[in-house]
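1. please find the sequence and the predicted model below.
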Amino acid sequence: MKERVAKSFDIFANKLVQFSQERGRLSWWIFLFVLALTLVAINPFPGHSQPAIAPSPIESPEQICQVETTKEIRGVWLTNVDSDVLFSADKTAEAIALLAKANFNTLYPTVWNWGYTLYPSAIAKSFTGLPLDPTAGIQGRDILAEMVSLGHEAGMSVIPWFEFGFMAPADSTLAKTHPEWLTARQDGSVIWWEGKVHQRVWLNPLRPDVQQFMTDLMVEIVSNYDIDGIQLDDHFGYPSELGYDDYTVKLYQAEHEGNSPPEDPQDPDWVQWRADKITAYVETLFHNLKEHNPKAIVSVSPNPQEFSLNSFLLDWYRWERKGLIEELVVQLYRDRHNDFIRELEQPEILAAREHIPVGIGILSGLKGRPIPWSKIRQQVNIARRHGFAGISFFFYESLWNLATEPPEARQTALKNLFNDQAQRPHVTDNPSNCGFSAS
């Protein structure tokens, strides 16, 4: 703002100087009077200035791009993978208190993981015999109810995250109970390795019974909890190498004069056909959720479009064009500066932010892979300078616990990053803009 005022002042002042030279001494005094008024407007009296926040030991205030608006997504994902934040009521409450102190305004807690719900679910019990994740620290609790209560009390929105989507552990009760629900490769194999460590399987989202199961879980949540939305990600598709199970093949043949699907899983038409089937289901799901809870938004946190579509058959850009996404938080877990900026400028992302809040997902670290605060701060600044509606960090544990810097230093740095409270932007709002050119 000040840069724009100063520029306007320069132009105005030059014209006044020229005028005074032409019109004489009196006009010069007029110019000086106008100059004094302008300087006061640009530089407020010291008594009206905002108090400065003490810099963190790992940064200085001038390194932070502060948004000029009171609206910004400031989110964090909370999961039960490589984190114990959800395994005790005290730790959950402590985490929410710390996040509130740091001026976060959005919680994305996982509620569907490892083939289990993390809230007491009658739907899950009817399909698996277990209403809740059997982990000891979760028993006897309703984590979602706790987070909604504490989060809202602290002024934060709570948007449950269906982290696993259609993915499930190969040895889960769900996979064992319903083997007919699984999709497969051309050779009939169903195991998909996650990170070369975990054996996963994928439920077939083209099957009506699988769709009904997932819909029932989500309707159960939006109907029974005072949540602010539901969030999906790339796991609401499935790996493109799959899709050769009997059900999908017969469905494809019925629509292609008896021809079998292409042998190449990356065949563009085959990719799009499967993606369109998922989109059709998401459209039905969207309206179903709105019927039960109109105020709960549908948030999606995918990878950039090309990767999502070709790797997970998730055509989120088409979802967005059809009005099925009310908040988009794109996962940009990139180490290189230029790669991060290039992904920010993808046309699908730029088009989406014209009419819905689009935030950027930033990796704050993983177990065994700490991210230095300087990198995190740099990426937040870039997202702000590009005019995005906010950011969300993956994930809570790495905000300050899985880091090379001391937890206290990271907490202070986050407080400096979010130096005052901010409301979340709504789908009807224009995205916030930091007001600077990208760097």
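-> Right, received. Where do you want to start? Numbering: from 1, shown residues only.
2. how much space separates residue 194 from residue 86?
-> Going from residue 194 to residue 86 by C-beta to C-beta, to the nearest Å gives 20 Å. Where you see a C-beta, it was placed from the backbone N, CA and C, and this is true even at glycine.
3. which one of these two has more residues nearby?
-> Neighbour count, other C-beta atoms under 10 Å: between residue 194 and residue 86, residue 86 has more, with 27 against 10.
4. hang on, the more buried one packs against residue 96?
-> No - contact criterion C-beta atoms under 8 Å: residue 86 and residue 96 do not qualify, at 11.3 Å.
5. what's the overlap in contacts for those two?
-> With C-beta atoms under 8 Å, 6 or more residues apart in numbering applied, the contact sets of residue 86 and residue 96 do not overlap.
6. show me what stretch 185-202 is in contact with.
-> Counting by C-beta under 8 Å, 6+ apart, 166-171, 175, 182-184, 238-239, 241-242, 244, 263 sit against stretch 185-202.
7. ugh, wrong one, stretch 338-350
-> By C-beta under 8 Å, 6+ apart, the residues outside stretch 338-350 that reach it are 304-306, 316-317, 320, 328, 330, 332, 334, 358, 360, 379, 382-383, 386, 388, 438.
8. picking up where we left off before, and the contacts of stretch 185-202, which two are furthest apart?
-> Greatest spatial distance among those (C-beta to C-beta): 171 and 263, at 30.0 Å.
9. and the top helix by length along the chain, which residues are buried?
-> When the chain is parsed with DSSP state H, its longest helix is helix 268-292. Within helix 268-292, the residues scored as buried using 16 or more other C-beta atoms under 10 Å are 270-271, 273-275, 277-279, 281-282, 285-286, 289.
10. one more: stretch 367-380?
-> Buried residues in stretch 367-380 (16+ other C-beta under 10 Å): 370-371, 373, 375-380.
11. go on, stretch 353-362?
-> 353, 356-362.
12. distance to residue 344 for the residues you listed - can I get that in JSON lines?
-> Output for the buried residues of stretch 353-362, formatted as JSON lines (distance: C-beta to C-beta, whole Å):
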{"residue": "353", "distance to residue 344": "10"}
{"residue": "356", "distance to residue 344": "16"}
{"residue": "357", "distance to residue 344": "15"}
{"residue": "358", "distance to residue 344": "10"}
{"residue": "359", "distance to residue 344": "11"}
{"residue": "360", "distance to residue 344": "7"}
{"residue": "361", "distance to residue 344": "12"}
{"residue": "362", "distance to residue 344": "11"}
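13. so which of those residues comes closest to residue 425?
-> Nearest to residue 425 among the buried residues of stretch 353-362, with distances taken as C-beta to C-beta, is residue 357, at 4.2 Å.
14. residue 423 is in contact with that closest one, correct?
-> No - in this structure, residue 357 is not within contact of residue 423 by C-beta under 8 Å, at 11.3 Å.
15. circling back: give me the buried subset of the contacts of stretch 185-202.
-> 166-170, 175, 182-184, 238-239, 242, 244.
16. all good on my end, thank you.
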